[in-house]
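Asker: Dropping the sequence and predicted coords here.
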Amino acid sequence: MSTYAKKQGFGATLWDYLTTVDHKKIAILYLIAGGVFFVLGGLEAMFIRIQLAIPNNDFVSAGFYNEILTMHGTTMIFLAAMPLVFAMMNAVVPLQIGARDVAFPFLNSLGFWLFFFGGLFLNLSWFMGGAPDAGWTSYASLSLHSPGHGVDFYILGLQISGLGTLIAGINFLATIINMRTPGMTYMRMPLFTWSTFVVSALILFAFPPLTVGLVLLMFDRMFGSNFFDVAAGGNTIIWEHLFWIFGHPEVYILILPAFGIFSEILATFSRKRLFGYSSMVFATVLIGFLGFMVWAHHMFTVGLGPIANAIFAVATMAIAVPTGIKIFNWLLTMWGGSVKFTVPMLYAVAFIPSFTMGGVTGIMNAVAPADYIFHDTYFVVAHFHYVIVGGVVFGLLAGVTFYWPKMFGTMLNETLGKISFWTFLIGFHLTFFIQHFLGLMGMPRRIFTFLDNQGLNTGNMISTVGAFFMAFAVIVLVINIIITSVKNVKVGNDPWGDGRTLEWAISSPPPYYNFKQLPLVRGLDAYWVEKMDGKTEMTPAEPLGDIHMPNSSILPLTTSLGLFVAAFGALYNMDDDKTWTVPVIIIGLLITLGSMLIRSIKDDHGYHIHKEELTDDHDKGVKA
Amino acid sequence: MQMDQKFTDTTWPAAPEKATLEGKNKYLGFWLFLGGETVLFASLFATYLALKDKVPNADAALAKDIFDLPLTFVATMLLLTSSLTSVYAMYHMKNHDFKRMQAWLVVTVLLGAGFLGLEIYEFNHYVHEFHHTFTSSAFGSAFYTLVGFHGAHVAFGLLWITSLMLRNAGRGLNLYNAPKFYVASLYWHFIDVVWVFIFTVVYLMGMVG
């Protein structure tokens, strides 16, 4: 990045990352942590597929299978997809709106560390008596009766990391509302920024119900309350409602950023402005809104009655309308464009049919009477993997490849990228397409093995083979990342050559203050507008002046660490033979509350970069 | 602009909580946070309504048996008044009158502490008179969780406002701490609004059966 980065030793670099409040470094932290959890969740998926490759397999035991299955879902949703989405948002959104940082740099760091310690806590369950085994939905009727501490790890780990997600959501909302550069009106915001905006609102309103659900489950398991205990007047359906009031918006929280990434990529490599920009914005907002109206379609078979089921079925089908608008807009963006098939573009093109298939099975599931047949079969497994892998994972792989040069200043290898893409695409369809039919043949989900001679052997074997293709693709991607990082060939501002938005107007990676002078936005696709006027850089919106920067801080890490420590105390507090638990809870909470108090009473005014220092940077190509 | 710049009554801006970018962000971010808190309490209210009077046997206490309206009325008045006094404090904050602001915040905290004291007395009363405990029934769990969450918010608010007052006692108002006082008062109003709903949904609706 700059000369001073090279002078740092390992210890200084580590300290820099532990205390950083810079959105670009936090993006890298999210990317690394999310990437590790993604590999872990993928490993768990491989265990599942190996176990199900042949009938009556005993590769893993039934109990262990439940743990792997639960941890695969939980890890992939909360600890891989969410942080990788946040990595993209952190890396790109402040640059796209022409901001020097997010609204709350300190909270940005706090959000990351809460997620990290929550995820670490959850995964430590493997080494401390067993992982949660009640499914990623952890229905109270199962989780209340799960022996051991697995479910307690789930409750406390998700509580801590959920707090981090909520904080990140508020941060991006405030950032996008308050920090846009002059001329960046709402209807000039790039689609990825728009989807981040909508998703952040979803996070803000969807995570509190999960918080409450987890609190109630924690009280029931640890403190003897009776929310879900039917004998004492409780009701287990309350958990299902609270979980899905969170859980359904959650899937839109994951897919909308992927939609945003694809919108950027399709416009960039079709070298055309996005078709139907305003209808794309409208569709994004509408999907976000409808996402809150449909949670009970996960509960059609609970017995809520025909009226409730009908209302939720119709609401669910309505979501196909804005989603369809998006699909056609993407197709028409490519139509007549000068399309360049780079790796990100390949993912984008493959995403459209793959995701549409997931959407179509979604409509099938939305038909409440038919859902009585599909429910809890592999048909549902196939459906949600088509939308989550075919949508979110494709989006993240495309986004990471697309923004890699902006984050690290070097390009991933295109040939290796194409190998990854093709093997992943083939493996994905091989794994999940056949599962539709397995489900329709009656194979239930969440079973650890199946009998011979039921017609399920071939399908399951094909599915397992496909999983190995996907694993191979991920290994190639990791090799690609290593080779690229070792070679480290530096690239310029706009390495893809056709960047349209503000992030491509500054160096890769950008200087730590992003924009020397805030850029003036003169239209949609601000950088493209300047290019079309024959300019090579943005027009500044302000004279060169001092830049105000936030101070680094270790407090986000200690605040999160305190909760991590307290969670161990709370977890073992229910065992009667342990006396150390209450002191551990108190110590943990003291660390957290103490850190918060220090943050509150110690003034933190930040510092200024003086404009004389900025003018010295002239040769680094960091002008706005 | 220097954040710790000294102001006089005439140079003090009209909306000091939003005069800096940091203040503007805090102001907006905190409103958004309250949006999330609203959903949190909405979930707790929904749970309470689903589990109201859901008890394991006929001996267990029901809502109509236990609530004592005069006591709750006094608690409600204390909290509503504390919301009013926090408005006075913010009025003086906007007029750059630090001493009066602090004085009204002290009144706010005392009223809040009075409310919390009554709530603790009330819980204690239910446990000992009616054996209505956190673990006795689903109704008990839901009641203590909803009202207790609110009580914990009050307790946190008291600690927050007190530490703000102590921290800034020696240095008066500036554009760095004005947004902090302002969002603390927003939080206090929010707690008050939640209580209005608790008073209605839990106590009044509880009394009529």
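Answerer: Structure's in. What do you need?

Asker: Based on its surroundings, how many neighbours for whichever residue of the stretch 1-150 of chain A sits closest to chain B?
Answerer: Using Cβ to the nearest Cβ, A:Ala103 is the residue of the stretch 1-150 of chain A that sits closest to chain B, at 4.1 Å. All C-beta atoms are positioned from the backbone trio N, CA, C, and that covers glycine. As a burial measure, A:Ala103 scores 25 neighbours (other Cβ atoms under 10 Å in any protein chain shown).

Asker: So it sits against A:Met179, correct?
Answerer: Yes. Counting by Cβ atoms under 8 Å, A:Ala103 touches A:Met179, with 5.8 Å between them.

Asker: Quick check: neighbours shared by these two?
Answerer: Common contact partners of A:Ala103 and A:Met179 (Cβ atoms under 8 Å, 6 or more residues apart in numbering or on different chains): B:Asn25.

Asker: Now the phi/psi pair for the residue of the stretch 1-150 of chain A closest to chain B, please.
Answerer: In this entry, A:Ala103 is assigned phi and psi values of phi -60, psi -40 (degrees, to the nearest 10).

Asker: Longest helix in chain B, please.
Answerer: Longest helix in chain B by number of residues, with DSSP state H as the criterion: helix B:98-130.

Asker: Check the model's average confidence along the helix or strand following that one for me.
Answerer: Sequence-wise, the next helix or strand downstream of helix B:98-130 (DSSP states H and E) is helix B:138-168. Here helix B:138-168 scores 96 as its mean pLDDT.

Asker: now swap in stretch A:68-76 and tell me
Answerer: For stretch A:68-76, mean pLDDT rounds to 97.

Asker: likewise stretch A:157-167?
Answerer: Here the average pLDDT along stretch A:157-167 is 96.

Asker: Likewise for stretch A:397-417?
Answerer: 97.

Asker: from the chain's centre, how far out does that stretch sit?
Answerer: 18 Å (Cα atoms, centre = their mean, to the nearest Å).

Asker: next one: stretch B:129-149
Answerer: Worked out by Cα atoms, centre = their mean, stretch B:129-149 lies 20 Å from the chain centre.

Asker: Any residue of that stretch touching chain A?
Answerer: Yes. Stretch B:129-149 is in contact with chain A by Cβ under 8 Å from any Cβ of the partner chain, via B:Phe134, B:Thr135, B:Ser136, B:Ser137, B:Ala138, B:Phe139, B:Gly140, B:Ser141, B:Ala142, B:Thr145.

Asker: pLDDT value on the second one, please?
Answerer: What that stands for is B:Thr135. pLDDT recorded at B:Thr135 is 93.

Asker: if I pick it, what's in contact with it?
Answerer: A:Phe223, A:Gly224, A:Ser225, A:Asn226, B:Ser141.

Asker: quick one: the last one from A:Asp577, how far?
Answerer: Applying Cβ to Cβ, to the nearest Å, one obtains 26 Å for the distance of B:Ser141 from A:Asp577.

Asker: Compare these two (neighbour count), which wins?
Answerer: Higher neighbour count among B:Ser141 and A:Asp577: B:Ser141, with 30 against 5, using other Cβ under 10 Å.

Asker: That one touches A:Ser225, doesn't it?
Answerer: Yes. The criterion here is Cβ under 8 Å, and B:Ser141 meets it with A:Ser225 at 3.6 Å.

Asker: shared neighbours of those two, anything?
Answerer: Taking Cβ under 8 Å, 6+ apart as the contact rule, B:Ser141 and A:Ser225 both touch A:Phe219, B:Phe134, B:Thr135.

Asker: What values do phi and psi take at the second one?
Answerer: Recorded main-chain torsions at B:Phe134 are phi -60, psi -30, according to degrees, to the nearest 10.

Asker: Number of residues surrounding it?
Answerer: Neighbours around B:Phe134, by other Cβ under 10 Å: 19.

Asker: Show the contacting residues for the residue most central in space within chain A.
Answerer: By Cα atoms, centre = their mean, chain A has its centre lying nearest to A:Met82, at 2.2 Å. By Cβ under 8 Å, 6+ apart, the contact set of A:Met82 is A:Gly34, A:Phe115, A:Thr165, A:Ile253, A:Leu254.

Asker: From those, list the ones also adjacent to chain B.
Answerer: Within the contacts of A:Met82, nothing lies near chain B by Cβ under 8 Å from any Cβ.

Asker: Now the residue in the stretch 301-450 of chain A positioned nearest to chain B: closest residue in space, sequence neighbours ignored.
Answerer: Closest to chain B within the stretch 301-450 of chain A is A:Leu304: 13.2 Å, counting by Cβ to the nearest Cβ. Of all residues not flanking A:Leu304 in the chain, A:Ala296 sits nearest, at 6.1 Å (Cβ to Cβ, 6 or more residues apart in numbering or on different chains).

Asker: Fine, thanks again, bye for now.
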